[in-house]
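**Q** Here is the input, now give the coordinates:
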Amino acid sequence: MKIDEQTLKDLSVGATVLGSGGGGYPGYDLLMAKKVLEDYGPPELVALEDLKEEAMVLPIAFVGAPLVNLEILPSGNELDCLIDQVERVTGKRVTHLMAAEIGGANALAPFLYASKRKLPIVDADTIGRAFPELQMSACNVRGVSASPAFLVDILGNTVCVEAKDADTLERLARKIIVEMGSTALMGIYLMSGVQAKKTCIKKSVSYACQIGKKLREAYKEKKSLGELLQEIGGKVIGEGVIESIKQSVQDGFLRGTVHISSPHEILVLNYQNEFLQVSNSKGKVFTTPDIITLFEKDSLKPITSECLLYGARVEIAVLNGPDIWKEEKGLALVGPRAFGLTI
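**A** Residues are numbered from 1 along each chain as shown. The predicted model follows:
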């Protein structure tokens, strides 16, 4: 697939759909990716199955509270610091970049740096959507170690974190992320080509681009959101006006509740960076690991959690997530109980 400006736009939209409200608003990152494309040319996008066994894949993502990322923007130099530390600690050369999650701005993270570093990007990610915590990864389910993990802030401060398991790493790293201003670039789940083929969600970049393209075409052709979602295995579960938003940054996450009002019902949406559960006044509940996404009613644009606005007219949609999250181990990590939610 050729990477051009339109591809990046489609990726940013499709990844926002798959991000389920998380991953960060991609507007600024899209501008940076376009600038990198203009200055250094398009990066190479390689298929997961084409990785050599000895490849060294570095999944990256911006971590912290998405609301903070609207004010503290990437410098563009984070990856240089990150790779220097990774190679110094591991003694291995990074050969490929990958989005740690195909959600929102994080799907664009490799595209901010790959061409400048002349590193190919793998058409895959480690989640197949977005989730807020570091242990919530297919790599963790499949036995790839989260350690060592690497953090760098916009000032170039770097930290290497090693822990006995992914849950412990999440707790330790989250405290560091908060001290970094609740935003940082992270490299985690470093893996070989062999490990990547066994654990990662393949073709997720291509899939996000396809969704973005379908949304763009649907808007031009004046299709309804419901018609579009039928093509990608999703459905509209409600619509209305955002009546109230209660949210705050807690422990490095954006947590909140939204009430969406329509003439027939009140929808209640809970989130922790990502939209996790929506229920209606009849008691029907949709919940993680399904992908819950909000769209602007008129423009069909997907909305991230930090961009929710009082009075906005929205449609709520549900899409199927990757099958791995419906397995027993996957549900234990990302099902409603993992977030303290009940059905």
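
**Q** any low-confidence regions in the stretch 51-200 of the chain?
**A** The stretch 51-200 of the chain contains no residues with pLDDT under 70.

**Q** where do the strands sit along it?
**A** 56-64, 96-99, 121-125, 149-152, 158-161, 183-187, 191-192 (DSSP state E, counting those that start in this stretch).

**Q** Figure out which of those is closest to T342.
**A** Of all the strands of the stretch 51-200 of the chain, it is strand 56-64 that lies closest to T342, at 27.4 Å by C-beta to C-beta. To be clear about C-beta, it is placed using only N, CA and C from the backbone, and glycine gets the same treatment.

**Q** So in that sheet, which strands flank that closest one, and in what orientation?
**A** According to DSSP bridges, strand 56-64 has the following sheet partners: strand 96-99 (parallel), strand 183-187 (antiparallel), strand 191-192 (antiparallel).

**Q** want to throw those into TSV with distance to L37 and mean neighbour count?
**A** Formatted as TSV, those follow (distance: least, C-beta to C-beta, whole Å; neighbours: other C-beta atoms under 10 Å):
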stretch	distance to L37	mean neighbour count
strand 96-99	15	27
strand 183-187	19	26
strand 191-192	27	21
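
**Q** Redo the ones you listed as a markdown table? Include distance to K284.
**A** A markdown table is the format used below for the strands paired with strand 56-64 (distance: least, C-beta to C-beta, whole Å):
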| stretch | distance to K284 |
| --- | --- |
| strand 96-99 | 33 |
| strand 183-187 | 36 |
| strand 191-192 | 40 |
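
**Q** Tell me which of those sits nearest to G311.
**A** Shortest distance between G311 and the strands paired with strand 56-64, using C-beta to C-beta, is found for strand 183-187: 27.9 Å.

**Q** Pull the number of nearby residues for the nearest residue to G24 once chain neighbours are set aside.
**A** Closest residue to G24 apart from its sequence neighbours, by C-beta to C-beta, 6 or more residues apart in numbering: A105 at 3.5 Å. Neighbour count for A105, taken as other C-beta atoms under 10 Å: 30.

**Q** Just the residues contacting the top helix by length along the chain, thanks.
**A** Assignment by DSSP state H gives helix 204-220 as the longest helix of the chain. With contact meaning C-beta atoms under 8 Å, 6 or more residues apart in numbering, helix 204-220 is reached by 1, 7, 9-15, 17-18, 45, 99, 102, 107, 121, 123-125, 128, 225, 227-228, 231-232, 299-302.

**Q** go again using 7 Å as the cut-off
**A** Contacting residues not belonging to helix 204-220 are listed as 1, 7, 9-15, 17-18, 45, 99, 102, 107, 123-125, 128, 228, 231-232, 299-300 [C-beta atoms under 7 Å, 6 or more residues apart in numbering].

**Q** Now list the buried members of the residues you listed.
**A** 7, 9-15, 17-18, 45, 99, 102, 107, 123-125, 128, 228, 232, 300 (16 or more other C-beta atoms under 10 Å).

**Q** In contact with the residue nearest to G24, which residues?
**A** Per C-beta under 7 Å, 6+ apart, neighbours of A105: 23-26, 29, 62.

**Q** Could you do G23 as well?
**A** G23 touches 15, 101, 103-107, 130, counting by C-beta under 7 Å, 6+ apart.

**Q** List just the nearest of those to A338.
**A** Once C-beta to C-beta is applied, the member of these that ends up nearest A338 is A130, at 14.6 Å.

**Q** ok, now how distant is that closest one from N77?
**A** Counting by C-beta to C-beta, to the nearest Å, the gap from A130 to N77 is 24 Å.

**Q** Between those two, which has more neighbouring residues?
**A** Neighbour totals were compared for A130 and N77, and A130 leads with 32 against 15 (other C-beta under 10 Å).

**Q** Return the distance of the closest residue in space to that one that isn't next to it in sequence relative to H259.
**A** In space, A130 comes closest to G103 once its chain neighbours are excluded; the distance is 2.5 Å by C-beta to C-beta, 6+ apart. Distance, G103 to H259, using C-beta to C-beta: 24 Å.

**Q** between those two, who's got more neighbours?
**A** Using other C-beta under 10 Å as the criterion, G103 and H259 rank with G103 on top: 33 against 15.

**Q** Can you name the residues that contact that one?
**A** Residues in contact with G103 (C-beta under 7 Å, 6+ apart) are 15, 18-20, 22-23, 129-130.

**Q** Switch the strands of the stretch 51-200 of the chain over to TSV; also include distance to L276.
**A** Shown next, in TSV, are the strands of the stretch 51-200 of the chain (distance: least, C-beta to C-beta, whole Å):
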stretch	distance to L276
strand 56-64	18
strand 96-99	21
strand 121-125	19
strand 149-152	24
strand 158-161	25
strand 183-187	21
strand 191-192	28
